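Chemist: Output the structure for:
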Amino acid sequence: QVQLVESGGGLVQGGGSLRLSCAASGTIFIIANMAWYRQVPGNERELVASILVGGTANYADSVKGRLTISRDNAKNTVYLQMDSLKVADTAVYYCAADHRDRLAGSFRRYWGQGTQVTVSS
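Modeler: Predicted coordinates for the structure are as follows:
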């Protein structure tokens, strides 16, 4: 089993910055893709950014140039640096990790518990 614990959410004024962290723990063998999603009430969860183990990152168009995903493979941790925040970025942010254990032939997705980000005008 793998556990993901997020931290770093909070309240910030528009134009401000926050940094989210998500640390994976447990019996870890291989973590491939790691990602950040966000969700507002009444909407589906949407992908914000993802990053492969080699560092290749992808972003939603709405966050390009403002949010930066990174990871520390030695610490099994993924980060989301959030700059120039907008009211529209207000959501619960979830991290996700695709993990394969030593005996499994496929990857399983794990989710964090979510952290609230609120941007005020």
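Chemist: and the closest residue to Ala60 other than its chain neighbours, how many neighbours?
Modeler: Spatial nearest neighbour of Ala60, excluding adjacent residues (CB to CB, 6 or more residues apart in numbering): Val48 at 5.5 Å. In short, each C-beta sits where N, CA and C put it, glycine included. The number of residues packed near Val48 is 24, by other CB atoms under 10 Å.
Chemist: give the contact list for Val48.
Modeler: Ala35, Trp36, Tyr37, Arg38, Tyr59, Ala60, Val63, Leu67, Ile69, Leu80, Tyr93 (CB atoms under 8 Å, 6 or more residues apart in numbering).
Chemist: Now with 6 Å, please.
Modeler: Trp36, Arg38, Ala60, Val63 (CB atoms under 6 Å, 6 or more residues apart in numbering).
Chemist: Most neighbours out of these, which is it?
Modeler: Among the contacts of Val48, Trp36 has the most neighbours (other CB under 10 Å), with 26 neighbours.
Chemist: other SSEs contacting the host helix or strand of that residue?
Modeler: Using DSSP states H and E, Trp36 maps to strand 30-39. Counting contacts by 3 or more CB pairs under 6 Å, 6 or more residues apart in numbering; DSSP states H and E, strand 30-39 packs against strand 46-51, strand 91-100.
Chemist: mind listing what's buried in the shortest one?
Modeler: Right, strand 46-51. The neighbour-count check on strand 46-51 (16 or more other CB atoms under 10 Å) flags Val48, Ala49, Ser50, Ile51 as buried.
Chemist: Excluding chain neighbours, what is closest to Val40?
Modeler: Val40's closest residue in space is Ala91 (CB to CB, 6+ apart), at 4.8 Å.
Chemist: Check the burial of that neighbour by counting its neighbours.
Modeler: Residues near Ala91, counting by other CB under 10 Å, number 22.
Chemist: quick one, what contacts it?
Modeler: Arg38, Gln39, Val40.
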